[in-house]
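Asker: All I have is the shape, not the residue letters:
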């Protein structure tokens with residue numbers, strides 16, 4: 001095993017412990033000491049891999065976003081048509097939320113509670129040169145469907161993408177909903193298709 005592989009594995013161990021700690025105590029009560037305890041390592045070892053709490057939050061956020069994107073894109077790329085890709089995007093996005101509850105909580109804690117080095121909440125930061133990869137994937141599916149005639153020309157891709165993502169994010173905030181995820185997914189797909197097909 002190379003040193004870089006070991007270092008990468010150690011960083012992931014710390015990030016996973018950070019996710020668990022965010023889920024248990026929230027961002028405001030999180031400390032490197034608590035993360036170290038959860039990871040069963042010394043606080044000094046965290047400081048070796050991450051500059052400070054801000055650096056750990058940035059890397060944890062990148063990890064969460066990448067894991068979600070990889071899960072969804074791996075399903076979407078198997079679909080043969082834009083219509084099927086759209087269905088798969090919605091189903092996979094909701095399925096990921098359902099099966100990665102801790103990741104959802106950690107993501108919400110970081111985006112809405114954490115602050116960057118300048119004290120600004122992550123959700124208020126302007127994304128410079130960094131488009132939301134999932135949104136881009138969804139917009140491309142909608143554009144492709146319009147271009148190849150699967151979808152009607154009478155909708156604006158950005159607005160429909162916002163509607164879909166908003167409905168998916170709403171579900172994330174209601175994890176204990178009495179409506180089964182499959183029903184929610186089916187209804188959302190039906191509503192979207194009525195508008196764009």
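Answerer: That came through, no problem. Since the model is a prediction, treat every value here as computed from it, not as a measurement. Numbers count the residues shown, from 1 in each chain.

Asker: just checking, residue 107 touches residue 62?
Answerer: No - applying CB atoms under 8 Å, one finds residue 107 not in contact with residue 62, separated by 11.2 Å. Using the backbone N, CA and C atoms, a C-beta is placed for each residue, glycine as well.

Asker: Have a look at these two and say which one is more surrounded.
Answerer: More crowded of residue 107 and residue 62, by other CB atoms under 10 Å: residue 107, with 22 against 11.

Asker: got the contact list for that one?
Answerer: Neighbouring residues of residue 107 by CB atoms under 8 Å, 6 or more residues apart in numbering: 61, 64-65, 68.

Asker: same thing but 10 Å
Answerer: 19, 22, 60-61, 64-65, 67-68, 97, 100, 122, 172 (CB atoms under 10 Å, 6 or more residues apart in numbering).

Asker: now swap in residue 38 and tell me
Answerer: Contacts of residue 38 by CB under 10 Å, 6+ apart are 13-14, 16-21, 24-25, 30.

Asker: let's see 7 Å
Answerer: Each residue near residue 38 by CB atoms under 7 Å, 6 or more residues apart in numbering is listed here: 17, 20-21.

Asker: Kindly report the same for residue 96.
Answerer: 68, 71-72.

Asker: same question, residue 148
Answerer: Shown in contact with residue 148 (CB under 7 Å, 6+ apart): residue 82.

Asker: Ramachandran coordinates for it?
Answerer: phi -90, psi 0 (degrees, to the nearest 10).

Asker: and what of the one 5 residues further on?
Answerer: With angles defined as degrees, to the nearest 10, residue 153 shows backbone torsions of phi -90, psi 0.

Asker: go on, residue 30?
Answerer: Dihedral angles (degrees, to the nearest 10) for residue 30: phi -80, psi 140.

Asker: For the contacts of residue 38, which entry has the maximal number of neighbours?
Answerer: residue 21 (24 neighbours).

Asker: That residue should be in a helix, yeah?
Answerer: Yes - checked against DSSP: H, G, I helix; E, B strand; the rest coil, residue 21 lies within a helix.

Asker: so it touches residue 31, yeah?
Answerer: No - counting by CB atoms under 7 Å, residue 31 is not a contact partner of residue 21; they are 8.5 Å apart.

Asker: what residues are up against the residue nearest to residue 52 when sequence neighbours are not counted?
Answerer: Among residues not flanking residue 52 along the chain, residue 32 sits closest, at 7.9 Å (CB to CB, 6 or more residues apart in numbering). Shown in contact with residue 32 (CB under 7 Å, 6+ apart): 43, 46, 53.

Asker: what about the helices in this structure?
Answerer: Listed in chain order, the helices of the chain (DSSP state H) span 3-25, 32-39, 43-49, 53-76, 82-99, 101-113, 133-147, 157-173, 181-196.

Asker: Take those and write them to CSV, including mean pLDDT.
Answerer: Below are these laid out as CSV (pLDDT from 0 to 100):
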stretch, mean pLDDT
helix 3-25, 93
helix 32-39, 96
helix 43-49, 94
helix 53-76, 95
helix 82-99, 96
helix 101-113, 91
helix 133-147, 96
helix 157-173, 92
helix 181-196, 95
